[in-house]
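Asker: Fold the following.
(one chain, ligands or ions: 3)
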Amino acid sequence: MPGCRFSPLLTLGPVISRIDLRGSSTDPRDVLPRAEFDVEAALEKVRPIAEDVRHRGVAALIEITERFDGVRLESTRVPAEQIAEALEQLDPEVRAALEESIRRARAVHSDQRRVGHTTQVVPGGTVTQRWVPVDRVGLYVPGGLAVYPSSVVMNVVPAQEAGVPGIAVSSPPQKAFGGRVHPAILAACALLGVDEVYAVGGAQAVAMFALGTEECAPVNLVTGPGNIYVAAAKRLFAGRIGIDSEAGPTEIMVLADDTADAAEVAADLISQAEHGPTSGSVLVTASPLLADAVEAELKTQVARTKHSERVAEALGGPQSGIILVDDLEQGLAVVNAYAAEHLEIQTAEPHAVSERVRNAGAIFLGRYTPVSLGDYAAGSNHVLPTGGCACHSSGLSVQTFLRGVQVVEYDRAALAGIAAHVVNLSAAEDLPGHGDAVKARFDWTVPGA
Ligand SMILES: NC(=O)c1ccc[n+]([C@@H]2O[C@H](COP(=O)([O-])OP(=O)(O)OC[C@H]3O[C@@H](n4cnc5c(N)ncnc54)[C@H](O)[C@@H]3O)[C@@H](O)[C@H]2O)c1
Ligand SMILES: N[C@H](CO)Cc1c[nH]c[nH+]1
Ligand SMILES: [Zn+2]
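Answerer: Numbering: from 1, shown residues only. Ligands and ions are numbered 1, 2, ... in the order given. The predicted structure follows:
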């Protein structure tokens, strides 16, 4: 059968492991799978790359790119003609899909814009909250195992809607495309009006953005997903620049009951496993019947999916599994403990269930909302917190590119009205100089002090 491949991994045992939490009072956090993603260890490899870029700029980038991507660049900056040419040659169907994806993402992200607000604290005393976009961002678009024009959309649209004036994109050059950045990525940049693109991948791209080179001015913020080296470089430069998150391997958790369709659940688990061998795909269910049916479906579908080897590796890895629970209550406890990047709810009452979810990067409700819709064209953003970070962080949004600046203004009477409290608090902290700064405005006589 054309396109049908058989993975030898499938003959070795179950396609996915089972964790039976039924009747157990174990804290789900102690047993939940997660892929190993040792950013600290990767830092050791990334530090010399960063130092090299710091000292030798473009010359270092050219050498590192030759080493890791097998491409000898003449310049790191992609010429404008290459970007224009990529758009001219873009398949019309892919162009239409990208345009619709951009239109929907723009509709959602433009609604996230924040307006400033002034609070009148007392007569004559105001605090205004202003939202100011960062001046310049570097957006990383991965291009290793797969290439991601959709990630161009997911990074660029919120930055544009936030009003960021300087937007630069970087993505690895592809040997298979004559050493150029993948043409679909260049075309997506063209559709979005982004003309500053670099053919640099991995940690070296983050170093280029953070430090600047002869060809690329430094940025204030780097966003975008990537592999462990990208994550390690973000950790290395965080503080010097802002970062969105250290995105790890993609993951999906499906919370399902026996109203779910096993074939659809299996297809969704495979969809995210397709990103790479460390992707995590987890089904949580109280239905042993569904668990069996999904496992059987996985066996069939994995064998015929295009990237069956890496899918089988991801599903067979310790980061994937089918978790059997007693009931929806325990299922929700597992869901909240895991804090999935993507959570699908395939139950009889997905809305009501979703109200009880506290930790998830994005929630996909019902059978007609698969994660892959969100990956490409729901309007939502697909750059989401992974590795459990959804319990403290959000996905990419307009807010990522904004800083809140408070503008404070009190007149004489308003300051006089609070002066005694400021002086007393400064004394309580043994920082009397702070109080003196207020007293100085009243000829050292503070009313009521
Ligand atoms: N969260 C999201 O929104 C999202 C979206 C798309 C992709 N992803 C994830 O992003 C990741 C993409 O990873 P990828 O590897 O395919 O692409 P990538 O672009 O992140 O990394 C490729 C680069 O890594 C560098 N590299 C390769 N081997 C190296 C080594 N030994 N030392 C130093 N650098 C090295 C190369 O320079 C290459 O250009 C996947 O884990 C995928 O799941 C996440
Ligand atoms: N699932 C990935 C992380 O959310 C995004 C993506 C891009 N293309 C396909 N999928
Ligand atoms: Zn995906």
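
Asker: Is ligand 2 within reach of stretch 370-389?
Answerer: Yes - counting by C-beta under 6 Å from any ligand atom, ligand 2 has neighbours in stretch 370-389: 375, 382, 384. For glycine as for every other residue, the C-beta is placed from the backbone atoms N, C-alpha and C.

Asker: Would you agree residue 164 is in contact with residue 133?
Answerer: Yes - using C-beta atoms under 8 Å, residue 164 makes contact with residue 133 at a distance of 4.6 Å.

Asker: In space, not sequence, find me the middle residue of this structure.
Answerer: For the chain, residue 383 is the residue whose C-alpha lies nearest the centre (C-alpha atoms, centre = their mean; 3.0 Å).

Asker: Now do residue 424 against ligand 1, distance only.
Answerer: Distance of residue 424 to ligand 1, given as C-beta to the nearest ligand atom, to the nearest Å: 50 Å.

Asker: and stretch 308-322, what's its mean pLDDT?
Answerer: Across stretch 308-322, the average pLDDT comes to 96.

Asker: Which neighbours do residue 164 and residue 133 have in common?
Answerer: Contact criterion C-beta atoms under 8 Å, 6 or more residues apart in numbering; residues shared by residue 164 and residue 133: residue 401.

Asker: Count the residues that sit near the residue in the stretch 151-300 of the chain that ligand 1 sits nearest to.
Answerer: Closest residue of the stretch 151-300 of the chain to ligand 1, C-beta to the nearest ligand atom: residue 201 (2.4 Å). If you count neighbours by other C-beta atoms under 10 Å, residue 201 ends up with 28.

Asker: which non-adjacent residue is nearest it?
Answerer: Closest residue in space to residue 201, ignoring its immediate chain neighbours: residue 172 at 2.6 Å, by C-beta to C-beta, 6 or more residues apart in numbering.

Asker: And the one you found, its phi and psi?
Answerer: Main-chain torsions, residue 172, degrees, to the nearest 10: phi -60, psi 140.

Asker: Can you pull the residues of this protein lying near ligand 2?
Answerer: Contact residues (C-beta under 6 Å from any ligand atom) of the chain with ligand 2: 148, 150-151, 250, 272, 375, 382, 384.

Asker: Identify the residues contacting stretch 67-84?
Answerer: Applying C-beta under 8 Å, 6+ apart, the external contacts of stretch 67-84 come out as 58, 61-62, 65-66, 172-175, 179-181, 186-187, 189-190, 195-202, 204, 208, 213, 215-216.

Asker: I'd like to know which of those are part of helices.
Answerer: 58, 61-62, 65-66, 186-187, 189-190, 202, 204, 208 (DSSP state H).

Asker: Could you tell me which of those residues count as buried?
Answerer: Buried subset of those (neighbour count, 16 or more other C-beta atoms under 10 Å): 58, 61-62, 65, 186-187, 189-190, 202, 204, 208.

Asker: can you pull the contacts of the residue of the stretch 151-300 of the chain closest to ligand 1?
Answerer: By C-beta under 8 Å, 6+ apart, the residues touching residue 201 are 65, 68-69, 142-144, 170-173.

Asker: which residues sit in contact with the residue nearest to residue 201?
Answerer: Residue 172 touches 65, 69, 142-144, 181, 199-202, 205, counting by C-beta under 8 Å, 6+ apart.

Asker: try residue 226
Answerer: 140, 142, 202, 247 are the contacts of residue 226 under C-beta under 8 Å, 6+ apart.

Asker: so what's residue 261 up against?
Answerer: Per C-beta under 8 Å, 6+ apart, neighbours of residue 261: 346, 367.

Asker: can you check the one 4 residues further on too?
Answerer: Remark: with contacts taken as C-beta under 8 Å, 6+ apart, residue 265 is in contact with 254, 256, 283, 290, 294, 297, 344, 346.

Asker: is the closest residue to residue 242 other than its chain neighbours in a bridge, and if so with what?
Answerer: Leaving aside its chain neighbours, residue 242 sits nearest to residue 221 (4.0 Å; criterion: C-beta to C-beta, 6+ apart). Residue 221 has these beta-bridge partners by DSSP bridges: residue 137, residue 242.

Asker: again with residue 18
Answerer: Residue 18 has the following beta-bridge partners by DSSP bridges: residue 322.

Asker: correct me, but it touches residue 320?
Answerer: No - under the criterion of C-beta under 8 Å, residue 18 makes no contact with residue 320, lying 10.8 Å away.

Asker: Between those two, which is the more surrounded one?
Answerer: The residue with more neighbours, out of residue 18 and residue 320, is residue 320; 26 against 14, by other C-beta under 10 Å.

Asker: Flag every residue of the stretch 251-400 of the chain that's near ligand 1.
Answerer: Taking C-beta under 6 Å from any ligand atom as the criterion, the stretch 251-400 of the chain approaches ligand 1 at residues 275-276, 279, 382-384, 386.

Asker: CSV please, covering those and showing pLDDT and secondary structure.
Answerer: Below are those laid out as CSV (pLDDT from 0 to 100; DSSP: H, G, I helix; E, B strand; the rest coil):
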residue, pLDDT, secondary structure
275, 94, coil
276, 93, coil
279, 95, coil
382, 98, coil
383, 97, coil
384, 97, coil
386, 95, coil
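
Asker: Buried ones only from the residues you listed, please, as a ChimeraX command.
Answerer: Entered in ChimeraX, the line below selects the buried ones among these, by 16+ other C-beta under 10 Å:
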select :275,276,279,382,383,384,386
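
Asker: Residue 232: which of the residues of the stretch 251-400 of the chain next to ligand 1 is nearest?
Answerer: residue 386 (14.7 Å; C-beta to C-beta).

Asker: circling back: nearest to residue 108 among the residues of stretch 370-389 next to ligand 2?
Answerer: Closest to residue 108, out of all of the residues of stretch 370-389 next to ligand 2 and judged by C-beta to C-beta, is residue 382, at 11.8 Å.
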